[in-house]
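# okay, here's the prediction I keep looking at, along with the sequence it came from:
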Amino acid sequence: MAFPAIKPELSIIVPVYNEAAVIDGLFHTLKAQDGVAFELIICDGGSNDATVARAWSLVEEAPFPVSVIHSEKGRGRQLNAGIAASCGNTILFLHADSSFAADDALEKGLQYLEKAIAERGNDRVAGHFTLRFLRNSTAPSFGYHYLESKARLSRRHCIHGDQCFLMRRSFCRQIGPFAESLPFLEDTKFAEAVAERGEWILIPATIHTSARRFENEGFSARQTLNAMILNLAAIGREDFLLDIPLIYTTQGRTSNLQILPFFHIFRRRIQALPWWERQKFWLDTGAYVRDNGWQLALAVDVRHNFRKGLPPERGNMYFSNFTTAFSTAFPTICRAGWRQ
């Protein structure tokens, strides 16, 4: 399908690798979006299945311009290549297995972002969408409920790529490119850069993301390994994450995750450190655990709301609000007591 040479207001960038099973769903959810002129940039990282062929077969029927480009494997590299190939003033970073709950999600997202930018008087704002997991089971799950509740927050380690990132191109340039040092964690690092240079806002529109990784690998095992990965990244020990098979395998290869071998690998790498580095490692890890203690209060609140059958956007956050207020006020109280 030919399109007039009109610059789109939005560029949607989707990194893919062996995603033939979900590419139809991606086009379906985007074809349903109304009120927004956008382009779709699909960046393939060397798929060896039918991903690229299927994408090209859907291009002719798409009511929006589509580019299928190629880069080296790695989500950071693919996202950066997508940015370079796009032309919209606003950029949306989307996962291939995500879909929008409503046909006006993109329009609402753009309106909400523009309003926030106008109110603040600058473009240092980025939006993330309300998250819901698409699961094979319909049984209530506290674990998923907790993650969906946590995803509504704009705190550190709460915002990830499956929530979809929306921002002005100009702000994206200020932050810099996505990290390419690892084949994962690029979204977490990018989210932290946004928080350091600007502000996150929660867009009042829902994005559905597949729970296939959790379902294939096991929810508890994946969450435990994710916590270890985030800890190592936060304390500057990304070297521990290099060359470890299956630590974050591609979606098409996920299977039951055995967590014990990873503990053995990390233990050996810690034991190989000089004693002063081991000491620093555990001190830094302790500080990381302390800084994330607020999640225990969040879990208490979410458990209470979950048992009452309330959705993540409803319910009280008594313990979370108290913990946040106390942690904010505590340094001031200590300084006042010290002066006396």
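Looks like it arrived, so ask away.
# C-alpha from now on. contacts and neighbour counts both.
OK.
# next, name the residue at the spatial heart of this protein.
Closest to where the C-alpha atoms of the chain average out (CA atoms, centre = their mean) is residue 160, at 1.6 Å.
# who are the contact partners of that one?
187-188, 191 (CA atoms under 8 Å, 6 or more residues apart in numbering).
# from those residues, pick the one nearest residue 278.
residue 188 (25.4 Å; CA to CA).
# not counting sequence-adjacent ones, nearest residue to that closest one?
Nearest residue to residue 188, sequence neighbours excluded (CA to CA, 6 or more residues apart in numbering): residue 160, at 5.7 Å.
# and that neighbour, how close does it get to residue 154?
10 Å (CA to CA, to the nearest Å).
# what's the answer for residue 235, then?
Residue 235 is 21 Å from residue 154, by CA to CA.
# swap in residue 26?
Residue 26 sits 26 Å away from residue 154, going by CA to CA.
# can I get the contacts of residue 160 in CSV with pLDDT, secondary structure and neighbour count?
Formatted as CSV, these follow (pLDDT from 0 to 100; DSSP: H, G, I helix; E, B strand; the rest coil; neighbours: other CA atoms under 10 Å):
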residue, pLDDT, secondary structure, neighbour count
187, 94, helix, 21
188, 92, helix, 20
191, 95, helix, 26
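# so which of the residues you listed is the closest to residue 295?
residue 188 (17.2 Å).
# how about the contacts made by the closest one?
157, 159-161.
# which pair of the residues you listed spans the longest distance?
157 and 161 (11.1 Å).
# among the contacts of residue 160, which one lies nearest to residue 175?
residue 191 (9.8 Å).
# wait, that closest one touches residue 155, no?
No: using CA atoms under 8 Å, residue 191 makes no contact with residue 155, being 9.7 Å away.
# what's the burial count for the residue nearest to residue 295 when sequence neighbours are not counted?
Take residue 295 and drop its neighbours on the chain: the residue closest to it by CA to CA, 6+ apart is residue 320, 7.9 Å away. Here the count is done by other CA atoms under 10 Å, and residue 320 has 19 residues near it.
# what's the average pLDDT for the strand or helix carrying residue 320?
Residue 320 is part of helix 318-339 when elements are defined by DSSP states H and E. What helix 318-339 shows for mean pLDDT is 58.
# likewise stretch 172-184?
On average, stretch 172-184 scores 90.
# can you list contacts of it?
By CA under 8 Å, 6+ apart, stretch 172-184 touches 73-77, 79-80, 185-187, 189-190, 193-194, 197, 242, 248.
# now that stretch: buried residues?
Within stretch 172-184, the residues that count as buried by 16 or more other CA atoms under 10 Å are 172, 175, 177-180, 182-184.
# of these, which is the nearest to residue 131?
residue 184 (19.9 Å).
# quick one: stretch 274-288 to chain centroid distance?
28 Å (CA atoms, centre = their mean, to the nearest Å).
# and the next helix or strand past the helix or strand where residue 285 lies?
Assigned by DSSP H and E, residue 285 falls within helix 275-291. Heading C-terminal from helix 275-291, the first helix or strand you meet, by DSSP H and E, is helix 294-307.
# low-confidence stretches in the stretch 151-300 of the chain?
Within the stretch 151-300 of the chain, the stretches with pLDDT under 70 are 245-246, 248-254.
# please tell me how far the closest residue to residue 152 other than its chain neighbours sits from residue 41.
Closest residue in space to residue 152, ignoring its immediate chain neighbours: residue 130 at 6.2 Å, by CA to CA, 6+ apart. Distance, residue 130 to residue 41, using CA to CA: 23 Å.
# please apply the same query to residue 244.
31 Å.
# between those two, who's got more neighbours?
Neighbour totals were compared for residue 244 and residue 41, and residue 41 leads with 24 against 11 (other CA under 10 Å).
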